[in-house]
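Asker: Coordinates for the following, if possible.
(4 chains)
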There are 2 protein chains.
Amino acid sequence: MQQCCNNIFMKQFRNTTAKTTILNVLKNAEAALSHAELLTLTNGVCDRVTIYRVLERLVNEDNVHKVVTSDGIIKYAACNHSAHHSHDHVHFNCEKCKTTTCIEMVLPVIQLSNDYTVKSFNFTVTGICPKCN
Amino acid sequence: MQQCCNNIFMKQFRNTTAKTTILNVLKNAEAALSHAELLTLTNGVCDRVTIYRVLERLVNEDNVHKVVTSDGIIKYAACNHSAHHSHDHVHFNCEKCKTTTCIEMVLPVIQLSNDYTVKSFNFTVTGICPKCN
DNA sequence: ATATTATTGCAACATTGTTGCATTAACAAA
DNA sequence: TTTGTTAATGCAACAATGTTGCAATAATAT
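Answerer: Residues are numbered from 1 along each chain as shown, chains lettered A, B, ... in the order given. You can find the predicted model right below:
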């Protein structure tokens, strides 16, 4: 009945097996995953190209957010739609286990002069995580 | 006379035209530059591969630092060896003019629990820069 | 001027990301 | 349940980015 129009161009999104699989892998993951990691973890459920396209959609739908590590590797993490949810949180990149994890509780404080318009930020801290310490 | 050993493996660095050209381009640049931008700005002074290798050396020698934008694009900026010099400063990424600039004066403040060991960070703020505002 | 070896260029390769198009399959409506 | 529409997929082909091996070159100490 009710048509589900969840983007501004009124183009319907569909729930496909590729999409649900990828989202589940991300939800069950302890850390953010790269495209290459998702390719192996989804175990051939879909093509390499499809993963790129599904990730793009998931980000647009606000179900997944994109993280860039200090090495420039792009990773994806399922959004935690809790009270404190925001894409603008700190990410921690462990040198040892190479994982990238969300730290939603810690907010960075900076003071830029007011001729800058701030829209978003990417804050990745590198070091050793609690598990490896 | 005096042998110049500026890396831990006692391997001498040499000042080549490629290296000095690339460093000069970076020093004269208003913003951080990507590999592709350096390729055109150096105007064929050396091979594509050489630029990768020179940049690696310049980073090791602490003359250049690496910045990762929110889009995952790796850029390089000449280090400002002043009193406040540190690689761990904020970078601003303008959505309009696509430039990435160092903001050395602003230090971010975060409070991680002490089971994290912090070694470095990459903090890129995206928005509109003063020139475009 | 010479010997040593860091650096370069080139070719070849690996990885990552993009695009076009015919086919498939999700979903709304009948 | 069946059908029509079209979002999503797979595949191939491509573009961009980054890496490696090796012979030739050139920077530096002597």
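Asker: What residues does chain A have near chain B?
Answerer: Chain A comes close to chain B at residues A:68-74, A:90, A:92, A:95, A:103, A:106-113, A:115-130, A:133, as judged by Cβ under 8 Å from any Cβ of the partner chain. All C-beta spots, glycine's among them, are computed from the backbone N, C-alpha and C.
Asker: now with 7 Å?
Answerer: For chain A, the contact set with chain B under Cβ under 7 Å from any Cβ of the partner chain comprises A:68, A:70, A:72, A:74, A:90, A:92, A:95, A:106, A:108-112, A:115-130, A:133.
Asker: when you check DNA strand D, which of those turn up near it?
Answerer: A:G72 (Cβ under 7 Å from any atom of the strand).
Asker: In strands only, show me the residues of chain A next to chain B.
Answerer: A:68, A:74, A:90, A:92, A:117-128 (DSSP state E).
Asker: out of those, who's nearest A:D62?
Answerer: Closest approach between those and A:D62, by Cβ to Cβ: A:S120, at 13.3 Å.
Asker: Got the confidence number for the closest one?
Answerer: Looking at A:S120, its pLDDT is 89.
Asker: Of the residues of chain A next to chain B, grab the buried ones for ChimeraX.
Answerer: Those of the residues of chain A next to chain B that count as buried under 16 or more other Cβ atoms under 10 Å in any protein chain shown are selected in ChimeraX with:
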select /A:68,70,72,90,92,108,110,112,116,117,121,122,123,124,125,126,127,128,129
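Asker: Read off the pLDDT value for the closest residue to A:V109 other than its chain neighbours.
Answerer: Distances taken as Cβ to Cβ, 6 or more residues apart in numbering or on different chains place B:V109 nearest to A:V109, at 4.5 Å, with adjacent residues excluded. As predicted, B:V109 sits at a pLDDT of 81.
Asker: Repeat that for A:F9.
Answerer: pLDDT at A:F9 comes out at 48.
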